[in-house]
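>>> Only the shape, not the letters, is given here:
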Ligand code: CP3
């Protein structure tokens, strides 16, 4: 099957360091509960069933691509999906993800089993095949969690306010934390390799909890795992995006990971980030809650992000984090239109 190329896709063009005439946009969590057609599928199946049934995962991945003029798709799954077959199955039925027994002891980390994704996570590859055969012209993004973010979910047993268990592990048993982070990096690398082989044209690593550590600790504990993932993906030749929520102070280390592009949250100005990373295409970074503001503000603030993005080596428009469940789909349509109409000043 012919895949999208930088010649055919503005998204891939930006990631290859070119300046296409159309500014690409996709949004994190674009397949989700803010869409009535998603909620309809979700009424018939649990989140876990949707993730593990290729036809359902493909259907909800395609939904936003049918409704909006988006420049990339992202396969419907979760960063926690590969942890189930490793021996840590999360329960999503109570709202946020929960582990019945959080992993706290070295023994529990050692018991996590590295798995062969083609055997244990083949449903993800199948869903990718279904999406890329229906919309071969649209680049599909594969994804995984960054080791620190995944380790937080495992050790905290779900979301957390203070991250005290994962941090206490780092501050008391650093060598145990390093071994856990390295094992997670290995599993994510395998998972991303499978997704590219199945048809994804780009990958994104989500470090949603990058902001929880001091920058020295981030460099020491979080960066090696991300760098390992990036190095393993390099031979496959697809662009590798790193999303970092919080911690722009980590920018120099984010560049050290080998990522081809950085996706940033809404707290920074892309023009400032571009000054510190002049050769790196940037992705982002509108505050998702702007889509709950007035139409005038959506347009004004989207244009401001575009102008800052113009200072970067390339700009893929995105939100600074996932779209909220309560966002009106019309607001996203307005955003996409605004971004596609915006013309660089020079
Ligand atoms: O971006 C996309 O459209 C692709 C799908 C995707 C999901 N999760 C689907 C999902 C992606 C890329 C993710 C990544 C993810 N999952 C992250 C990293 C990015 C981020 O948002 O920080 C994290 C931390 C998770 C873990 C997770 N999964 C949480 C905390 C929750 C519950 C809270 C919530 O927002 O609902 C989930 C569930 C989840 N993942 C849903 C979706 C669409 C909601 C499931 C439902 O319909 O009930």
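Structure's in. What do you need? Source: prediction; values computed, not measured.
>>> just the helices in the stretch 201-346 of the chain please.
Applying DSSP state H, counting those that start in this stretch to the stretch 201-346 of the chain gives helices spanning 215-217, 223-233, 251-256, 270-276, 295-309, 329-341.
>>> quick one: buried residues of the first one?
By neighbour count on 16 or more other Cβ atoms under 10 Å, the buried set for helix 215-217 is residue 217. Just so you know, the C-beta spots here come from the backbone N, C-alpha and C atoms, and that holds for glycine as well.
>>> ok now it, how far from the chain's centre?
Distance of helix 215-217 from the chain centroid (Cα atoms, centre = their mean, to the nearest Å) equals 22 Å.
>>> Now do it: everything it contacts.
With contact meaning Cβ atoms under 8 Å, 6 or more residues apart in numbering, helix 215-217 is reached by 170, 247, 249-250, 253.
>>> out of those residues, who's nearest the ligand?
Closest to the ligand out of those is residue 247 (13.5 Å), distances taken as Cβ to the nearest ligand atom.
>>> picking up where we left off before, can you tell me which two in the contacts of helix 215-217 are farthest apart?
170 and 249 (17.7 Å; Cβ to Cβ).
>>> Could I get the average pLDDT for stretch 42-51?
Confidence for stretch 42-51, expressed as mean pLDDT, is 97.
>>> Kindly report the same for stretch 152-170.
97.
>>> buried ones in it?
Quick answer for stretch 152-170 (16+ other Cβ under 10 Å): 152-158, 160, 163, 165-167, 169-170.
>>> ranking the helices of the stretch 201-346 of the chain by burial, who's on top?
With neighbours defined as mean count of other Cβ atoms under 10 Å, the helices of the stretch 201-346 of the chain peak in mean count at helix 223-233, which reaches a mean of 21.
>>> Centre of the chain to that one, how far?
With Cα atoms, centre = their mean, you get 15 Å for helix 223-233.
>>> got it, and stretch 249-263?
14 Å.
>>> which residues touch residue 90?
Residue 90 touches 80, 83-84, 97-99, 153, 158, counting by Cβ under 8 Å, 6+ apart.
>>> One more: residue 208?
Residue 208 neighbours (Cβ under 8 Å, 6+ apart): 79, 145-146, 149, 243, 245, 321.
>>> out of the residues you listed, who's nearest residue 24?
Residue 24 lies nearest to residue 243 out of those, by Cβ to Cβ, at 15.7 Å.
>>> Tell me how many other residues crowd the closest one.
By other Cβ atoms under 10 Å, the residues close to residue 243 number 25.
>>> Distance of the residue lying closest to it once chain neighbours are set aside relative to residue 26?
Counting by Cβ to Cβ, 6 or more residues apart in numbering, the nearest residue to residue 243 once its immediate chain neighbours are dropped is residue 263, at 3.9 Å. Distance, residue 263 to residue 26, by Cβ to Cβ, to the nearest Å: 11 Å.
>>> again with residue 177
With Cβ to Cβ as the criterion, residue 177 and residue 26 are 33 Å apart.
>>> where does residue 127 land on pLDDT?
For residue 127, the predicted pLDDT is 98.
>>> what sits against it?
54-55, 57-58, 61, 75-77 are the contacts of residue 127 under Cβ under 8 Å, 6+ apart.
>>> what about it, helix or strand, and which?
helix 122-134 (DSSP states H and E).
>>> Give the buried residues for that helix.
123-128, 130-132.
>>> what residues does the protein put near the ligand?
Contact residues (Cβ under 6 Å from any ligand atom) of the chain with the ligand: 28-33, 42, 47, 74, 76-80, 92, 96-97, 143, 159, 206, 208, 322.
>>> picking up where we left off before, from the contacts of residue 208, which is closest to the ligand?
For those, the nearest to the ligand is residue 79 (4.3 Å; Cβ to the nearest ligand atom).
>>> three-state assignment of that closest one?
Here residue 79 takes the coil state, with states given by DSSP: H, G, I helix; E, B strand; the rest coil.
>>> Just to check, it is in contact with residue 143?
Yes. Under the criterion of Cβ atoms under 8 Å, residue 79 is in contact with residue 143, at a separation of 7.0 Å.
>>> Quick check: neighbours shared by these two?
residue 206.
>>> Looking only at neighbour counts, state which of the two leads.
Neighbour count, other Cβ under 10 Å: between residue 79 and residue 143, residue 143 has more, with 23 against 20.
>>> Surely that one is in a helix?
No. Secondary structure of residue 143 (three-state DSSP): strand, not part of a helix.
>>> And residue 260, how far from residue 160?
With Cβ to Cβ as the criterion, residue 260 and residue 160 are 30 Å apart.
>>> Show the average pLDDT along stretch 307-326.
pLDDT averaged over stretch 307-326 gives 98.
>>> distance between it and the chain's centre?
Worked out by Cα atoms, centre = their mean, stretch 307-326 lies 13 Å from the chain centre.
>>> Where does the residue nearest to residue 106 when sequence neighbours are not counted sit, in terms of helix or strand?
Nearest residue to residue 106, sequence neighbours excluded (Cβ to Cβ, 6+ apart): residue 176, at 5.0 Å. Assigned by DSSP H and E, residue 176 falls within helix 174-197.
>>> And that helix, what does it pack against?
With contacts taken as 3 or more Cβ pairs under 8 Å, 6 or more residues apart in numbering; DSSP states H and E, helix 174-197 sits against helix 106-111, helix 117-120, helix 122-134, strand 140-145, helix 147-156, helix 164-172, strand 202-207, helix 223-233.
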